[in-house]
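Participant: Here is my input, please return the structure:
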Amino acid sequence: MKKNIAIIMGGYSSEYKISLKSGSVVFETLDRNLYTPFAIHIFKEKWVYVNENNEEFPVDKNDFSITINSEKITFDCVFNAIHGSPGEDGYMQAYFKLLNIPQTSCSMYQAALTFNKRDLLATLKPYGIKTAESYYINLGDTINEDAIVKKVGLPCFVKANKAGSSFGVSKVYKKEELKTAIENSFKEDNEIIIEQFLDGTEVSVGVISYKGETTVLPITEIVSENDFFDYQAKYEGKSQEITPARISEDYKTKVETVAKKIYEVLGMTGFSRSEFIFKNDEPYLLEVNTVPGLTKESILPQQAAAAGISMIDLFSNAIEEAMNN
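Facilitator: Model prediction:
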C-alpha cells in the first residue's frame, strides 16, 4: 500500500523561496508507485496543504492532518525540505517527535546544535575538529572594533549565528566596515559570529545515511566568481561547483575522515552537508547544514549523482530510513 508523504517546505526565514523550490523538486521526483506526496507549505501565518490546482487546505496542528472532501488524511512520514527556521533548527523535529510521525532530517537536538554555529564549533572542538578563530557578539553588546580585529584579523567574515544560504554574511576588509556588517547580520539574528578569513580551497562534503551506512558522497569544490560563496554564488550561477573536487588524495582522505567523524560524533541521521576550507593542508570546518538544498542545481543532489545515486533513490532512501529508525 502506498505511503502518504507530507513534504514540508517554506518556513519562517529568508530562505523560504529556496525551500519552496527544494520541496517542489522532492514532490516531482518521489516514486508514485511507492508514495502519495502532499505539498505542505509552512508559514508563520498559515500551515496549508496546496494541491496541484493551487487550492489550499488548512493543516490541523493537533495531529498534523488535513481534511479533503470530508476525508481526513494522516501521514506515514514527513519529508523535511525547510531550510532555516523552523525546519532546520529543531522545532519541526520536536513537533513530529511528540506526534510520533517519522521525519527525514536529523533529530531535534542535532538540528538545534548544528543550526547554532557558535554552539556547534564549541561542541566539536574537544574532538580535534579545526575551526577558524572567532569572536562573538549579541544584540545590545558594546562593539569593540579594535578587540575584534585583534582576535580575528582582517579581512574577516561577519555572520548571523543562526541563518543559512549566506543571508546576513559580509566580508569585511577595513575596521571602519565592521559596524555596517554587524548591523546587516543583526537583521537575520540577535547573535553574531565574526570569523577569521581562511584563504584556501573551499569544499563541501555531503554525508548521509544510505542503506543503513554512514556514506560520504563525492566532494564538491567551490570556486566563487564573487568575493566569497554568497547568495548570488549559491543560487544565481556566480560560482563553479566542481564534483568531484580537484584536490589531492591526501586532502580528500583528510576531509572525508573529518566529515564522517562530525556526522558520527553528533549522532546525525538523514542528510548533512559540511563546508570546509583548507589551511596549512588541514580542513577547517565552517558549518554543517542538516537540510541542504535539494533543487537540481543544489550541491547534495550533484554529489549523489556523482556517487551513482539518482534523486529518486536519494529521496526514497531518506523516507525508508526515517520510517525504519
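Participant: Give me the below-cutoff pLDDT ranges for this protein.
Facilitator: 163-166, 226-238 (pLDDT under 70).
Participant: centroid residue for it?
Facilitator: Closest residue to the average C-alpha location of the chain: N289 at 3.0 Å, with CA atoms, centre = their mean.
Participant: May I ask which helix or strand encompasses the residue nearest to that one when sequence neighbours are not counted?
Facilitator: Nearest in space to N289, with sequence neighbours left out and distances taken as CB to CB, 6 or more residues apart in numbering, is R273 at 4.6 Å. Backbone N, C-alpha and C define where each C-beta goes, glycine included. If you go by DSSP states H and E, R273 is part of strand 271-279.
Participant: Going by neighbour count, which residues of that strand are buried?
Facilitator: Using 16 or more other CB atoms under 10 Å as the burial criterion, the residues of strand 271-279 that qualify are 271-278.
Participant: same question, stretch 107-125
Facilitator: Result for stretch 107-125 [16+ other CB under 10 Å]: buried residues 107-108, 110-117, 120-121, 123-124.
Participant: and that stretch, how far apart are its ends?
Facilitator: Start-to-end span of stretch 107-125 (CA to CA, to the nearest Å) is 21 Å.
Participant: what's the spacing between it and its chain's center?
Facilitator: 12 Å (CA atoms, centre = their mean, to the nearest Å).
Participant: same deal with stretch 172-186?
Facilitator: How far stretch 172-186 lies from its chain's middle: 25 Å, per CA atoms, centre = their mean.
Participant: buried sites along that stretch?
Facilitator: Result for stretch 172-186 [16+ other CB under 10 Å]: buried residues 172, 177-178, 181-182, 184-186.
Participant: residues making contact with that stretch?
Facilitator: 137, 139, 143, 145-146, 148-149, 154-160, 168-170, 192, 194 (CB atoms under 8 Å, 6 or more residues apart in numbering).
Participant: got it, and stretch 57-64?
Facilitator: For stretch 57-64, using CB under 8 Å, 6+ apart, the contacting residues are 6, 40, 46-49, 51, 65-68, 74-75, 78, 95-96, 99, 101.
Participant: Check which residues of it are buried.
Facilitator: Buried residues in stretch 57-64, counted by 16+ other CB under 10 Å: 57, 59, 64.
Participant: What is the nearest of those to E88?
Facilitator: Closest approach between these and E88, by CB to CB: F64, at 18.2 Å.
Participant: can you list contacts of the strand holding R273?
Facilitator: By CB under 8 Å, 6+ apart, strand 271-279 touches 104-106, 114, 130, 132, 198-208, 222, 229, 247, 251, 255, 258-259, 262-263, 283-292, 299-300, 318.
Participant: Give me the sheet partners of that strand and which way each runs.
Facilitator: Under the criterion DSSP bridges, strand 271-279 sits next to strand 202-210 (antiparallel), strand 282-289 (antiparallel) in its sheet.
Participant: among these, which is the most enclosed?
Facilitator: strand 202-210 (a mean of 24; mean count of other CB atoms under 10 Å).
Participant: Now tabulate the buried residues of strand 271-279 in JSON lines and tack on distance to G23.
Facilitator: Output for the buried residues of strand 271-279, formatted as JSON lines (distance: CB to CB, whole Å):
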{"residue": "F271", "distance to G23": "14"}
{"residue": "S272", "distance to G23": "18"}
{"residue": "R273", "distance to G23": "17"}
{"residue": "S274", "distance to G23": "23"}
{"residue": "E275", "distance to G23": "23"}
{"residue": "F276", "distance to G23": "27"}
{"residue": "I277", "distance to G23": "30"}
{"residue": "F278", "distance to G23": "33"}
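Participant: What is the nearest of those to T214?
Facilitator: Nearest to T214 among the buried residues of strand 271-279: S272, at 9.9 Å, using CB to CB.
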